[in-house]
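Colleague: predicted model follows, preceded by the sequence.
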Amino acid sequence: MKPTGLIAIAWVFAALTLAGCAYTTHSSLDPSYRTIAVPAFRNDSHEYDLQAALTNAVIRKFVADGRLRVVPASEAHARQADLVVEGVIRDYDLEGVTYDRNDEVTQFMCKVTVGVRVMDQHAAKILWEEPRLTNETLFYTRASGPSSDRLRGNAETFLPSVRSFASVEENRGASEALEQLASEIFCRTVEPW
């Protein structure tokens, strides 16, 4: 390659770097935000007891991160918070994905849909809003064999069972879906692109 070609490549690389194509470890969250309140999610789905698990998972994400101090969600405290997470569980759906030769379901898809809004309390503006945020997770039934106890993600480590579903596997599937929704809510709040 000619020396002028190398110089041209070096200039292109320098221009891209200076244009902001580099990775940064700094948060894009406005530094004026210091506190957040997470009132209990409302549950409009046909399943009960999902709201406590999701609310606790969202709170746990913010506490573990530490950039925003979680304040109690009581009305008096929530008014003092810089940000407030408001949410509703809209739907819980379970559908068979794979079947055995006896037409018994061996794998289910668990889908949880929520509506979420994060408000800047002091400016009375919406930081971000998603009316239908959905997470899907797959789980195997006991009929599928030894893989039924395997779970992707970190729901097994962090989340207690949501409630008494028809099976332990469905409990774990719902827990994982809620954990992943909590992660997405947290990430979209602290890293608003």
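Modeller: Looks like it came in fine. Numbering: from 1, shown residues only.
Colleague: what segments of this structure are helices?
Modeller: 3-18, 50-65, 75-80, 155-158, 168-190 (DSSP state H).
Colleague: those helices: lowest mean pLDDT?
Modeller: Lowest mean pLDDT within the helices of the chain: helix 155-158, at a mean of 50.
Colleague: Gln121 reaches Ala81, doesn't it?
Modeller: Yes. Between Gln121 and Ala81 there is a contact under Cβ atoms under 8 Å: 5.8 Å. The way it works is simple: take the backbone N, C-alpha and C, and place the C-beta from them, glycine included.
Colleague: compare the two (neighbour count), which wins?
Modeller: Using other Cβ atoms under 10 Å as the criterion, Gln121 and Ala81 rank with Ala81 on top: 25 against 17.
Colleague: residues contacting that one?
Modeller: Going by Cβ atoms under 8 Å, 6 or more residues apart in numbering, Ala81 touches Thr35, Ile36, Ala37, Val71, Gln121.
Colleague: let's have those residues in TSV, adding distance to Leu138 and pLDDT.
Modeller: TSV is the format used below for the contacts of Ala81 (distance: Cβ to Cβ, whole Å; pLDDT from 0 to 100):
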residue	distance to Leu138	pLDDT
Thr35	37	95
Ile36	32	96
Ala37	34	96
Val71	36	94
Gln121	38	90
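Colleague: in strands only, show me the residues you listed.
Modeller: Applying DSSP state E to the contacts of Ala81, the entries found in strands are Thr35, Ile36, Ala37, Val71.
Colleague: thanks again, I'm all set now.
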